[in-house]
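*Asks:* sequence plus predicted model, see below.
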Amino acid sequence: MIIAVDGPSGSGKSSTARGVATRLGLRYLDTGAMYRAVTWSAVERGLDLDDTEAVAERARELRLELSTDPADQFVVADGTDVAAAIRAPELSAVVSKIATNLQVREELIRRQRAIIDAARPTGGIVVEGRDIATVVAPQAELKVLLTADQNARMARRGAELAAGSVTAEQLRDQIVRRDADDATVSEFQVASDGAVTIDSTYLSLDEVIDAISRLAKEAETREVP
Ligand SMILES: Nc1ncnc2c1ncn2[C@@H]1O[C@H](COP(=O)(O)OP(=O)(O)OP(=O)(O)O)[C@@H](O)[C@H]1O
Ligand SMILES: Nc1ccn([C@H]2C[C@H](O)[C@@H](COP(=O)(O)O)O2)c(=O)n1
C-alpha cells in the first residue's frame, strides 16, 4: 500500500505520516527532507542558489542516504549527518529556491519513486510532501490532503522552534511566503482527484493519525476482493 500525504507547511504532514507508518507497520518517506538536503549541500558548497544548472548538477551528484524506518530517521548527505542542519531556520528560508528548480525536482522525483518501489515488497510506505498524489505516486491507494488554517500552522511551528529563536516575521516567512513559492510548482492547496481532505485545525495529532489509519484500512479492504 502507498499512502500519499500532501499539504501546506506546518499542517502536520511529517508527524502524522510518521505516526500512521508506525501504527500500520509501513515505511515512511519525508520527501521535504530530500529538498532540504540538496539545499544544505548547495549552501555548503557556496553555490549561487539562483544558478539552476549548478544546483541541479549538485542534486544529481549528491549521495543521499535517507531512512524509511519511522522509528529511526536519519538523513546523511555525502557522508555527513544533516538531520539537524536541514531544519535550521536559515535553511528553511531558502529551501523553496531549490524546490522550485524543475531540474532538481526531476532528479528527486526519480529517487523518490525508486524508494517507493523498494518499499512495495515490505508492505508499503507512507510518503509525505507537496506533489505525492499528483506527480510522484498518483497510483497511491490512499491520497490525503492534510490542511490546517494558517494561524494554527504558524502557532504550531512557533511552539516547535525554541522559544524566542524566530521572530513573528520569520515564522510568517516559513509558512506563508514559503507556501506561496512552493505552490508555483505543486498543487497542494486543493485536493486532487480521489484525495480525501482532512482539516486538522481542531484535531489532535492522535485524532489525525486515527482518521488516516481508518481510511487506510478501508482502502485495503477495497483493494482485496
Ligand atoms: N493535529 C495537530 N495538532 C497540534 N499540533 C500538531 C498537529 N499535527 C502536528 N502538530 C505539530 O505541528 C508542528 C508541525 O508539524 P509537522 O512538522 O508534522 O508539519 P509539516 O506539515 O510536516 O510541516 P513542513 O511541511 O513545514 O515540514 C509539529 O510541532 C507537530 O508536533
Ligand atoms: N514533495 C515535496 C516536498 C517538499 N517540497 C518543498 C516544500 C518546502 O519548501 C521544502 C521542504 O519541505 P518540508 O520539509 O518543509 O515539508 O521542499 C516540495 O516542493 N515537494
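*Replies:* Great, that's in hand. Ligands and ions are numbered 1, 2, ... in the order given.

*Asks:* for the rest of this, base every contact and every neighbour count on C-alpha atoms.
*Replies:* Will do.

*Asks:* just checking, what packs against the lowest-mean-pLDDT helix or strand in the chain?
*Replies:* Every helix and strand in the chain was compared by mean pLDDT, DSSP states H and E; the lowest is helix 168-172, with a mean of 88. Judged by 3 or more Cα pairs under 8 Å, 6 or more residues apart in numbering; DSSP states H and E, the packing partners of helix 168-172 are helix 150-160.

*Asks:* does the helix it packs on come close to ligand 2?
*Replies:* No. Taking Cα under 6 Å from any ligand atom as the criterion, helix 150-160 and ligand 2 are apart, separated by no less than 10.7 Å.

*Asks:* tell me the secondary structure at Val76.
*Replies:* Here Val76 takes the strand state, with states given by DSSP: H, G, I helix; E, B strand; the rest coil.

*Asks:* picking that back up, how far off centre is the least confident helix or strand of the chain?
*Replies:* 21 Å (Cα atoms, centre = their mean, to the nearest Å).

*Asks:* contacts made by the next helix or strand after that helix with the rest, please.
*Replies:* Using DSSP states H and E, the helix or strand that follows helix 168-172 in sequence is helix 178-182. Where contact means Cα atoms under 8 Å, 6 or more residues apart in numbering, the residues beyond helix 178-182 that reach it are 8-9, 93, 96, 99-100.

*Asks:* could I get the residues you listed as a markdown table with pLDDT, secondary structure and neighbour count?
*Replies:* A markdown table is the format used below for the contacts of helix 178-182 (pLDDT from 0 to 100; DSSP: H, G, I helix; E, B strand; the rest coil; neighbours: other Cα atoms under 10 Å):
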| residue | pLDDT | secondary structure | neighbour count |
| --- | --- | --- | --- |
| Pro8 | 97 | coil | 26 |
| Ser9 | 96 | coil | 24 |
| Ala93 | 92 | coil | 16 |
| Ser96 | 97 | helix | 21 |
| Ala99 | 98 | helix | 22 |
| Thr100 | 98 | coil | 18 |
